[in-house]
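K.L.:
what's the 3D shape of this:
(one chain, ligands or ions: 1)
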Amino acid sequence: MATKNARSLQASTKQEATADLRRWLGHLAKDNRLAIAREGISLVDELAAVSKKLELDQTVLFPSPSGHDIPVVTNLFTTRSSVAESIGVRDEELLAKFQDAARNPLPCREVATGPVQEVLHIGNVDLLKLLPVPKHNELDSGPYITAALLIARNPRTGRQNVAIHRCQVSGPDRIGVLLLPRHTLNYFRMAEEAGDALDIALVIGIHPVCLLASQAIAALDEDEMEIAGALLGQPIDVVKCKTNTVRVPADAEIVIEGRILPKVREPEGPFGEFPQYYGPRADREVIQVDAVTHRRQPIFHTIVGGGYEHLILGGVPREATLLQHLQRSFPSVLDVRLPRGGTCRYHLVVKIKKMSDGEPKNIIMGAFGGHYDIKRVVVVDQDVNIDDSDEVEWAIATRFQADKDLVVISGAQGSKLDPSSRNGISAKVGLDATTPVDAPPLDFKRIRVKGEENVDLSKALQPSAARTYEHFGIKVEV
Ligand code: MN
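P.N.:
Numbering: from 1, shown residues only. Okay, the predicted model is just below:
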């Protein structure tokens with residue numbers, strides 16, 4: 001009780017509101033961007049279907065899905081602008097802010113207790129009874145926890161890593177998890193070589209900035225939760241788990257505590273992934289669940305595999321990393337985008353203030369070195385709106401000649417999830433869609449109609465045009 005009072009005192013002296021999921025939902029609710037579904041939507045397929053339908057429009061809260069006590073929320077981000085908004089910056093400041101946060105992380109603040117441990121279930125956990133875990137895409141093997149931060153500690157240094165992994169509910173207290181060759185797998189291999197399990201926590205329901213930060217391309221032992229703190233401008237409060245030493249956000253909704261077991265692999269998948277195809281079933285690592293802790297009335301967050309929220313969450317942090325990577329060598333690079341059509345992973349558009357004619361090809365080669373997922377690079381001039389795929393296509397249509405502006409590289413490393421690759425061996429293509437430096441001014445002068453941007457339709461049009469049709473001899477069809 002004493003610690004609880006100490007905490008509320010500490011909270012009341014804080015300048016900012018708590019950086020939790022509810023703060024973001026409250027912000028969305030203010031502008032009617034948080035839809036409430038009718039009660040009892042099915043956790044199997046139906047919840048994902050409604051979410052997909054609204055993925056570019058509204059965040060959705062589902063009360064009692066399949067009769068479950070705990071509500072589910074989806075679509076925390078519905079536009080690229082909403083990502084900038086969650087960090088409190090304008091769209092054009094988003095990548096710079098993200099880079100700044102990755103360079104200047106803010107250490108977490110450890111607290112003795114937090115809302116996420118108001119209710120404890122230690123031992124004998126039944127995940128599907130406790131939590132409303134949906135099944136998302138048609139051929140998914142079953143219910144998946146898709147929006148959990150997997151937090152693990154380096155067994156040697158004690159530093160924490162934060163990542164999102166797809167988690168298949170395989171049994172009452174068992175989870176199949178896909179570990180791609182990044183930091184979680186690195187920590188797990190250290191533990192497994194010593195014959196140990198790796199202690200982990202799965203954190204569900206946090207401020208979306210924590211999800212974004214988890215996707216930063218940081219170095220090993222750089223704690224992504226500290227990047228989240230920098231993005232929010234306030235340290236994330238963390239609390240120690242009940243059954244292991246992992247520190248989790250104290251203001252989260254739900255935490256699953258457990259261990260990735262050494263020398264155990266069990267079937268996981270298929271699961272609908274970001275390229276809009278299924279990741280196949282195979283033997284993968286297994287989490288043994290030891291405890292579930294949560295708020296008194298928690299909210300469960302889920303991300304539909306391959307949906308817009310999934311794409312944009314991975315896309316923006318990668319853009320920030322790629323922009324930084326390119327600007328290190330090429331000062332003419334102004335901005336980059338990973339458009340949705342390229343699944344926010346494979347296709348990159350680079351906007352430059354062109355200085356010399358050879359440079360776009362160097363930039364193309366540099367971009368391939370920035371991330372192995374990059375499969376196609378288009379370089380455009382600064383007058384092209386790279387948020388509009390039609391404009392990029394127009395630049396290719398009118399500023400690109402395949403016999404001299406094309407770069408093709410075969411047999412490089414690509415994405416294993418790209419079904420057209422040979423198990424990840426992939427070709428790369430680069431398109432220089434920039435205008436020549438010495439082009440005569442009128443050759444690439446974009447047409448425009450003077451004054452279009454200043455037209456006021458309330459002044460230009462008659463209030464009710466219908467009255468005047470007959471005056472022009474036009475008979476209104478009935
Ligand atoms: Mn990491």
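
K.L.:
Give me every residue in the stretch 101-250 of the chain lying close to the ion.
P.N.:
Neighbours of the ion within the stretch 101-250 of the chain, by C-beta under 5 Å from the ion: 161, 183, 218. The C-beta positions use only the backbone N, C-alpha and C, and glycine is treated the same way.

K.L.:
what does the domain assignment say about this structure?
P.N.:
Here the domain assignment for the chain is 2-308, 330-433, based on automatic domain parsing.

K.L.:
if you compare those domains, which one is most tucked away?
P.N.:
domain 2-308 (a mean of 19; mean count of other C-beta atoms under 10 Å).

K.L.:
And the helices in the protein?
P.N.:
2-13, 21-30, 46-53, 80-87, 94-103, 127-130, 183-193, 208-214, 224-232, 308-329, 359-370, 389-399, 402-405, 457-460 (DSSP state H).

K.L.:
Quick one: the ones you listed as CSV, columns for distance to residue 40 and mean pLDDT too.
P.N.:
CSV is the format used below for the helices of the chain (distance: least, C-beta to C-beta, whole Å; pLDDT from 0 to 100):
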stretch, distance to residue 40, mean pLDDT
helix 2-13, 35, 41
helix 21-30, 21, 96
helix 46-53, 10, 98
helix 80-87, 28, 96
helix 94-103, 38, 96
helix 127-130, 17, 98
helix 183-193, 36, 97
helix 208-214, 26, 97
helix 224-232, 34, 97
helix 308-329, 23, 96
helix 359-370, 46, 97
helix 389-399, 39, 98
helix 402-405, 55, 98
helix 457-460, 44, 92
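
K.L.:
out of everything not next to it in sequence, what's closest to the residue of the stretch 251-400 of the chain found nearest the ion?
P.N.:
Distances between the stretch 251-400 of the chain and the ion by C-beta to the ion are smallest at residue 317, namely 11.3 Å. Closest residue in space to residue 317, ignoring its immediate chain neighbours: residue 215 at 4.0 Å, by C-beta to C-beta, 6 or more residues apart in numbering.

K.L.:
That neighbour reaches residue 318, doesn't it?
P.N.:
Yes: in this structure, residue 215 is within contact of residue 318 by C-beta atoms under 8 Å, at 7.3 Å.

K.L.:
beta partners for the residue of the stretch 1-150 of the chain found nearest the ion?
P.N.:
Nearest residue of the stretch 1-150 of the chain to the ion (C-beta to the ion) works out as residue 150 at 10.5 Å. Bridge pairing for residue 150 (DSSP bridges) gives the partners residue 163, residue 202.

K.L.:
ok, the residue nearest to residue 25 when sequence neighbours are not counted - contacts?
P.N.:
Nearest-residue entry for residue 25: residue 34, 5.8 Å, with adjacent residues in sequence omitted and distances by C-beta to C-beta, 6+ apart. Residue 34 makes contact with 25, 28, 58-61, according to C-beta atoms under 8 Å, 6 or more residues apart in numbering.

K.L.:
closest to residue 457 among these?
P.N.:
residue 58 (27.1 Å; C-beta to C-beta).
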